[in-house]
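Undergrad: give me coordinates for this.
(2 chains)
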Amino acid sequence: MTHARIRLVTDRCTSCMICARECPTWCIGISSHTEPLPDSPPGPRQRTHHVLDSFTLDWSLCMYCGICIEECPFDALEWDTEVPRATASAAAMTEELT
Amino acid sequence: MADEIRAVAAADWAEAAAALHAAGIRWFDWLGAVDEIGREDAIRIMLRAAPEPDADGVRLETRVPRSGGTLASVRAVWAGAAWHEREVADFFGVAFAGGDPRPLLLRPGTAGHPLLRDAVLAARAVRPWPGAKEPGDVVAAGRRRMVPPGVPDPAIWGERTGSPAEPEEIAASVAGGRVRGRR
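TA: Residues are numbered from 1 along each chain as shown, chains lettered A, B, ... in the order given. Okay, the predicted model is just below:
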C-alpha cells in the first residue's frame, strides 16, 4: 500500500469528528451543520443529520500515518495513488478535500 | 512470542544485563522507558534481549524515581544500548552513569523532558484543537469541552485554585477526552 495521499469519499462522511480527534498532528479540520431529515415529520423533536460543509487537510502537517483511514468507521477516507500537489508556501498546503 | 519478564532493582540493573549476556542472550533488541505517573512516582525502564533475532527473549524491567533517577549504563555490555540510553535521558530525564552524556535528539540547553506525561507541549496548548468541535457545530462549543491527548485540562493543571492535582488525576487527564466538571 502506497501512503501517497488521502482521499475523502464525501458521500460516506458523517462529520463524526473521529478522524480529526485521532490525528496526531492535528492536520484535519471539519466543519459541518445540522439539517432536518427530509422524510421526518416536523415538530419540536424533528430528526436531524449532520451535513459536511468542508473537510480540510493540511499536507504540511500530515505525516501519512493512516490513523484517520484506520479509524474512520464509515470508510470515508482512503489511500490515493497520487501525491499532494507542490505549493510555494506552507499555508497553501492546506487543501479542501471534496 | 512470549518474553520472560524479569523485574530487577535499579542497583542490580547493569549486573542483570551482564548476566543475560553471559547466559548467551546476546542479541540486544531495544531499551525504552514509560512514565508511571499516577500509578507510582517512578519511571519504568525496560530492556529486551534475545538469543537471536526471532527467538523468545528476556525483558528486564526496573524502576527509577521520576525526578533525578539514575541508572548504571549497559553500554559496556551492548555498545548499541548507548543510543537508546541517550534517547531515554533526553525524553525522560533519567541519567545513565557511565553512559554517553551527549543529548541525542534535544538541542543542548532544552528545558524539560518531552515524554514525561506532565510535560506541557506549549505548541499544543496555544493552538486550538480541530477535534474540539462536535459534529454539526461550526465552532467549538464552550459547554461540552473536549481536550486532546497530551494537553492539560485547565481544571486540573492550569487555572486550578486550591489544592494541586493528585498524580492520579494528572495521569487520567493525559489521555484526553471530555473535561470533567469540578467537584
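Undergrad: and B:Ala111, how far from B:Gly93?
TA: According to Cβ to Cβ, to the nearest Å, B:Ala111 and B:Gly93 sit 11 Å apart. Quick note: C-beta positions are derived from backbone N, CA and C, even for glycine.
Undergrad: more neighbours: those two, which one.
TA: A direct count of neighbours by other Cβ atoms under 10 Å in any protein chain shown for B:Ala111 and B:Gly93 places B:Gly93 higher, at 21 against 6.
Undergrad: can you tell me, leaving aside adjacent residues, what's nearest to that one?
TA: B:His113 (4.0 Å; Cβ to Cβ, 6 or more residues apart in numbering or on different chains).
Undergrad: close enough to count as contact, that neighbour and B:Glu87?
TA: No - at 11.0 Å, B:His113 does not count as touching B:Glu87 under the criterion of Cβ atoms under 8 Å.
Undergrad: bridging residues for B:Gly32?
TA: B:Met46 (DSSP bridges).
Undergrad: tally up the residues packed near it, please.
TA: By the criterion of other Cβ under 10 Å, B:Gly32 has 16 neighbours.
Undergrad: residue 87 is in what secondary structure piece?
TA: Went with chain A since none was named. Counting by DSSP states H and E, no helix or strand carries A:Thr87.
Undergrad: sorry, I should have been clearer: chain B.
TA: helix B:81-92.
Undergrad: now that helix: average pLDDT?
TA: The average pLDDT within helix B:81-92 is 94.
Undergrad: and that helix, C-alpha only, in CSV?
TA: What follows is helix B:81-92, C-alpha atoms only, in CSV (Å, rounded to 0.1, in the frame of the first residue of the first chain):
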residue,chain,number,x,y,z
ALA,B,81,22.4,0.4,24.0
ALA,B,82,24.1,3.8,24.4
TRP,B,83,21.9,5.2,21.7
HIS,B,84,18.7,4.1,23.4
GLU,B,85,20.0,5.4,26.8
ARG,B,86,20.7,8.8,25.2
GLU,B,87,17.1,8.9,24.0
VAL,B,88,15.7,7.9,27.4
ALA,B,89,17.9,10.6,29.0
ASP,B,90,16.6,13.2,26.6
PHE,B,91,12.9,12.2,26.8
PHE,B,92,12.6,11.2,30.4
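Undergrad: ok, and for that helix, which residues are buried?
TA: B:81-82, B:84-92 (16 or more other Cβ atoms under 10 Å in any protein chain shown).
Undergrad: give me the distance from that helix to the chain's centre.
TA: Centroid separation between helix B:81-92 and its chain, computed with Cα atoms, centre = their mean, to the nearest Å, is 11 Å.
Undergrad: and what of stretch B:22-31?
TA: 22 Å.
Undergrad: now do stretch A:82-90
TA: For stretch A:82-90, the distance to the chain centre is 18 Å (Cα atoms, centre = their mean).
Undergrad: show residues contacting that stretch.
TA: A:4-5, A:59-60, A:93, A:95 (Cβ atoms under 8 Å, 6 or more residues apart in numbering or on different chains).
Undergrad: at 10 Å instead, please
TA: For stretch A:82-90, contacts defined as Cβ atoms under 10 Å, 6 or more residues apart in numbering or on different chains pick out A:2-7, A:57-62, A:64, A:92-95.
Undergrad: near chain B, which of these show up?
TA: A:Asp58 (Cβ under 10 Å from any Cβ of the partner chain).
Undergrad: which among the contacts of stretch A:82-90 end up buried?
TA: Taking 16+ other Cβ under 10 Å as the criterion, what is buried in the contacts of stretch A:82-90 is A:5-7, A:57-59, A:62, A:93, A:95.
Undergrad: next, format these as CSV and append pLDDT and secondary structure.
TA: Shown next, in CSV, are the buried ones among the contacts of stretch A:82-90 (pLDDT from 0 to 100; DSSP: H, G, I helix; E, B strand; the rest coil):
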residue, pLDDT, secondary structure
A:Arg5, 91, strand
A:Ile6, 93, strand
A:Arg7, 93, strand
A:Leu57, 95, strand
A:Asp58, 94, strand
A:Trp59, 94, coil
A:Cys62, 93, coil
A:Met93, 91, helix
A:Glu95, 91, strand
